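> no sequence on this one, just coordinates:
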Ligand code: FES
Ligand code: FES
Ligand code: FES
Ligand SMILES: [Fe+3]
Ligand SMILES: [Fe+3]
Ligand SMILES: [Fe+3]
């Protein structure tokens, strides 16, 4: 999967026209809900926003443009369930309060009417007990959505992390 | 008012569908204007965005989930006017330049057509004279709007601050 | 061009109503694309988003409210081309990864149907090789768009930087 | 409490030789705000040698409830141990050093299992077991592996700890301040905490609670309120390094509304309560009591029963963390409690309508101390009468801190040091 | 490798006089984690005097490829020089000090032109020309203006450098660890690097790879897996300060699914593979080999050929940068390679399902060390048999590090220092 | 200005014993960029002992206008006092240390009232009153409570201050640089300031203005422009530690367009002005004048009347704040003024098309100095003729700085120190 940032980009066609406004609002709401559920630590609800076979993975920019070594790659609900179990207590790391700011969402119609791609910028802050709020991570979400029974879900989310020097604690949901 | 973050959340129904797009645009514009007027230090104009009996208060996340001890709670225009007077000079603290980034706005229809609830993420930077721009605060706005004579206004804004270790200066408008 | 922040503001009329939703979506997409192309270092593509005689300039808030001394002012495609050449290699400064978060976009109809003004908040992070992601700059875009042959472009972008103490490296595209 | 105690004799005072021509007990050497060596001495000779407030019992209601506090860089667990009594021990595993309790608050009714290699400690910090202990042969018996207990004592529900086992008993240490502490927190519950960073040396914050002379200048609203008023109040050295400043509600209630109109150019109708200072009332006294070295109580003697305490602890020579704990009466009505939860902090914390200016005062002194070589000495000379008390704007309270400060710091303060 | 070597005799050990009543070779003075003077001594006496891993040859395939590394504060260029051999020299211009190679990775087949004033250096760091040299008259001949070469050597494709030209040869330094390094990285390629900040002293991370006793406590999943299992494994001091911990896949494969159900309250059907630990298999051994002072290898001897190495380098007394380099076999199939790229790091790095807890362990110790004056000594006494190896949970591996540490640090460790 | 002054005799030069076999006056000991003890000595022996630029009179037009500056850690108020003359005093309240003027710029026509306890000072910093003074008895008469005045002087509208009252008169200090300062700022107004952080020792920035040898390597555009050109220019030690570098517009105006086409692969039509360097013109000389220890003037002698100055002040051993002040002629036309406001900074500041590379040069040296132990000495040997001036690329300007630097630093530079 070696690629460079541009290939993860969206075709430079006039993006917004390609997806109707109702789809745009529904998918924006889905992206916002994924961020909120992560910040509210409702991990099991967060998992439901993904399709059965969905893929959720993360990679640092350095490795995206080198040989594609990922931080992790969860494929399917079982793998997501494992990450959720780790977040809910198999990690013995005290959970901190995160905040996901997502903006600059650009949509692109997928191959079928029930498939849409989007890229967006995220900036995540983290506040540990009794510490200041700090800038935790920044980067891009490269998402693919699929609509099943009128309900949009994440089919694929790749988190591209800008930093190649991660903070001391990076187990929070990205 | 002991509650946890989830209770301040929005029902997990498909949020966006619940408020029509025109209302969404009008309320988004109101949220953006409140941020701009605060950043432009137009405090008296900012005050006009609230209803007569409006409540504006702030709480750290630690106390939201403990016994509800608030940083402050202004109820009604007189209390807002007092905060504005403090900002305009009763505090002898040099005003710095703030910038409010507001995103992830999720709306939910209120009990009546003239009442809407919204939660959003905010990230605030502060730049003091001759200093670098720093991350000042991050958290959530829990807002309730009321429409009077076709004009939407804030009826209630609770600012939930993620950090339990505030920066040295926290008198800026949140 | 001495002015204060307020004069760069948008008239306080109910902004959103003044521009139709289709124009708003197109211009929002244009603002997002300018941010993405800058972050993907596609500088030549970024240049194409500007009109022939477009002006792109930047100023610190201190000088905006003093005598108007700008960090730089590029007028016309030749000047933009020079900045692009510097970004592509005439500066011998290692390029870092930037991320432009743009939010709080407020539009205002211009004098003609093919001219619109907008102000927005931006927050830019920068990640140098092997370093943490840091908050690089925050401030306001004061933009004017012109539509030529159905295609919106930037006719004027003024970047107002909040900080009066710039970071050590500030040659990245703002 | 005899009122006739001569302040420390000038001559042999370590600050006797100063530029202000004043008695050593009436000046401050500004070096103590900027010299890292002084901070290191303060941590060992003051913070590790005095009673330090860490919690109120009401914050540890259930068996196993614990709070962790940081005193002179040491993390300390304060827990409601299995016998229901408060226990305090160093929050460090004797095996390889990991903290046992990783959260600021938590509940560990069965004691603590160190998450690193599983060593077990009871709610008193006593080492109870190491898994797979055979690998140690008999060697675990050659020394105590208990997490060292920390001397602690409770006064009116307030839990204090001391890293110095030989510190005098708590009641004796609190001395004349004891009865007020009992009155103001004896029947109370802690309602929550708020913390913030101070951009200045820790003493600048504690000095602020020894200083009743600043309010009408630092806080515009108080200045307006005291315009043309004969200021009442008492400023007292309680000995032991503690002090009490008490003053009635006084001043001109309409002053604030006038000041606000001048500042905003607007007059706002509607209920005046929000922006009127309390009407003058000689019976109600606002009390600011400072306990050496870093604890402050603010309460009203009106029986209102609300109030707050603050501690300040250094994190660097020019940074500190201030922590405020708000109190209400255990049995107050829900209405009173709700009002308390909504308004106690309005004037306080880094966001407070009053304290906002006090944080700015610390910041300004911190910058001013850059000229320490040229302007070396501060003046705390207000109040010329002998004895240990004076009017609202006198500085017996501030001198009482530095008398005790010199006793604890000893030769570390020698100017050449 | 004789197994009968008595650990350093107790008495004359610099830590002989400790509070735990143990032999000096079985304790650690916690001062070494917090004292800036110790860190300064470690930089010069250890980091600048040992072989330091900087790259794998597979990362420098083309002529002119270079990587820059930072060792004891010095920036070093490691490049594929013009003869195709690896060269290493200090990344500093002899004219006025600018670094010659400004990127962590790059390609400079024709050597380096310093961007500040144009001085030229070849791919070996040799000074070749200064533009407009007439202005120097003959003076450029009065000294060498070459960027000082750095001693380097290659073992099984791994490039090591040493700032001490007199360091023993690499193969001798690696000693008993050599063959494993050959086996695990000899036919391999580096697949990428991930770096993160450690909030604790650098030794806390390297100690973690000398400690096979912590996993079943620090990592809940491993704890569940080992429930009621007779734990197999070997813990060995390879001498020279190196150590090897090897253990088979063991434990109860369903334990994790049960633990996950308890924690989440949900049971997830579907392929179990994702959340089942590997089935017990005595032939496959997981190897954790630690090379003095800051290099760790993790591989399986199952011929799977994948694995990773980690280096940790201090950036302060309580901060360090850990860098992990993942490996795959040069000739593995695309399917194996893709699987490797997707899963190698799942348990590792600051985001890892295993290492997430190890970073937390370092953080907790870092806070616990605030009580260093009261709890001065750490215990590394597991394993009472003479000789240099023991069971999975013994500490021959950890003692081997500190034996070597004391040799290098010499009198810098004297407690009074 | 006699041109025949032999540089400091080699032997007794503190850097005489260096690795480059050069005269002590032609090398730099890189320790001075990294050693905190050197910075502390520089603050007291240089920054607190020299004339420091703080403002231009045009920035203080109205009565009561003030600017605060920070010199060697001391905050200083520079104000247009009540007699219309400039006053300068330490920005610190003699009561308890708060700064009197909290803003970088402001207007206080009636002097300053300290916001902490209301002490009053006039526009000269004279202490005028303490409210409720009775509490001090007569003790306020026992010492001066004036904010200490700071020696200041004005040269061609430029306000300089010195923390050392015994510093030689400003005109004498400026010496040979005076006339140029008069010419370049005598009829001018300050148009605004821009500040940025430098990631390197402060001397690296000031050295850059003593170095006319770097531009054609550090700045690709200048390199292209000078391709195959016989470079004109003069490099001169003005004595007193000041230097002047002057050179005409020269080079190949089309070079930049060619370079830009090579880099971008595009050719852009339209007005060439934007990307053409100025045409060669022997009459117009660009002047870069450096005033010891940290002030730089850049102007053209073409009567264009625009230009800028820069000061650099350390905030740490490897960080500093550079502040640029742009100038225009007081009576220039609105068109000239508008052009000046839009273009003066295009090549300057951390965002500048030229200075962007100079900030990178400081960063690269800062990293390279990590190898200070191995590569200890920098070479500033360009220009072998006796006397104090040479061609554009010689280093009389740089050596003049270090001659003065050694005079001020004295024994603090002893290598063993
Ligand atoms: S550090 Fe606590 S059990 Fe090892
Ligand atoms: S520093 Fe390298 S050429 Fe001058
Ligand atoms: S510090 Fe200035 S009046 Fe007290
Ligand atoms: Fe106060
Ligand atoms: Fe582990
Ligand atoms: Fe330059």
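Yep, it's here. Nothing here was measured: the structure is a model prediction, and the numbers come from that model. Ligands and ions are numbered 1, 2, ... in the order given.
> hey, let's count contacts and neighbours off CA atoms from now on
OK.
> point out where the stretch 251-400 of chain D drops to low pLDDT.
Counting by pLDDT under 70, the ranges of the stretch 251-400 of chain D that qualify are D:270-275, D:303.
> the residue in it that ligand 5 sits nearest to: how many residues sit nearby?
For the stretch 251-400 of chain D, the residue closest to ligand 5 is residue D:315, as judged by C-alpha to the ion, at 30.9 Å. Residue D:315 has 16 neighbours, counted by other C-alpha atoms under 10 Å in any protein chain shown.
> which residues touch the closest residue to residue D:240 other than its chain neighbours?
Among residues not flanking residue D:240 along the chain, residue D:404 sits closest, at 6.5 Å (C-alpha to C-alpha, 6 or more residues apart in numbering or on different chains). By C-alpha atoms under 8 Å, 6 or more residues apart in numbering or on different chains, residue D:404 lies in contact with D:240, D:241, D:292.
> selecting buried members of those residues in ChimeraX, what would you type?
Only the buried entries of the contacts of residue D:404 go into this ChimeraX selection, using 16 or more other C-alpha atoms under 10 Å in any protein chain shown:
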select /D:240,241,292
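> kindly reformat the contacts of residue D:404 as TSV and extend each row with secondary structure and distance to residue A:29.
Below are those laid out as TSV (DSSP: H, G, I helix; E, B strand; the rest coil; distance: C-alpha to C-alpha, whole Å):
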residue	secondary structure	distance to residue A:29
D:240	coil	62
D:241	coil	60
D:292	coil	55
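> so, if you compare the contacts of residue D:404, which one comes nearest to ligand 1?
For those, the closest approach to ligand 1 (C-alpha to the nearest ligand atom) belongs to residue D:292, at 34.9 Å.
> any idea how far that closest one is from residue D:88?
Distance of residue D:292 to residue D:88, given as C-alpha to C-alpha, to the nearest Å: 21 Å.
> again with residue D:33
Taken as C-alpha to C-alpha, the span from residue D:33 to residue D:88 is 31 Å.
> then residue D:401?
For residue D:401, the distance to residue D:88 - C-alpha to C-alpha - is 28 Å.
> just give me the neighbour total for residue A:133.
26.
> ok, now residue A:113?
Neighbour number of residue A:113 under other C-alpha under 10 Å is 10.
> quick one: pLDDT of the residue nearest to residue D:240?
As predicted, residue D:404 sits at a pLDDT of 97.
> also residue D:4?
32.
> coming back round to it: which element, helix or strand, includes the residue of the stretch 251-400 of chain D closest to ligand 5?
Assigned by DSSP states H and E, residue D:315 belongs to strand D:307-316.
> ok, back up a step: can you list phi and psi of the residue nearest to residue D:240 for me?
When quoted as degrees, to the nearest 10, the phi and psi of residue D:404 stand at phi -70, psi -40.
> what count of nearby residues applies to residue A:59?
23.
> how near is it to residue A:69?
7 Å.
> again, but for residue A:35
25 Å.
> skipping its backbone neighbours, what lies nearest the residue of the stretch 251-400 of chain D closest to ligand 5 in space?
residue D:321 (6.8 Å).
> the one you found: how many residues sit nearby?
23.
> cool, the one 5 residues further on as well?
With neighbours defined by other C-alpha under 10 Å, the count for residue D:326 comes to 23.
> any chance you could map the helices in chain A?
A:5-8, A:21-39, A:43-47, A:61-64, A:76-85 (DSSP state H).
> my bad, should have said the stretch 301-417 of chain D
Assigned by DSSP state H, counting those that start in this stretch, the helices in the stretch 301-417 of chain D fall at D:334-343, D:355-368, D:396-409.
> single out the most deeply packed of those helices.
Of those, the one with the most neighbours on average (mean count of other C-alpha atoms under 10 Å in any protein chain shown) is helix D:355-368, at a mean of 25.
> distance check, residue D:185 against residue E:287.
In terms of C-alpha to C-alpha, residue D:185 sits 59 Å off from residue E:287.
> these two: who's more crowded?
residue D:185 (26 against 21).
> look at residue 154 and say how many residues are nearby.
Using chain A here. Residue A:154 has 27 nearby residues by other C-alpha under 10 Å.
> correction: the question concerned chain D.
16.
> what's the nearest residue to it if we skip its chain neighbours?
residue D:160 (6.1 Å).
> now do the contacts for the one you found.
D:51, D:52, D:53, D:54, D:55, D:152, D:153, D:154, D:170.
> please apply the same query to residue D:249.
D:278, D:279, D:280, D:281, D:282, D:284, D:285, D:286.
> who's the residue nearest to residue D:315 bridged to?
residue D:197, residue D:313 (DSSP bridges).
> that older thread, how big is the angle separating the strand holding residue D:315 from helix D:334-343?
Strand D:307-316 runs at 30 degrees relative to helix D:334-343, counting by axes from the mean of the first three to the mean of the last three C-alpha atoms, to 10 degrees.
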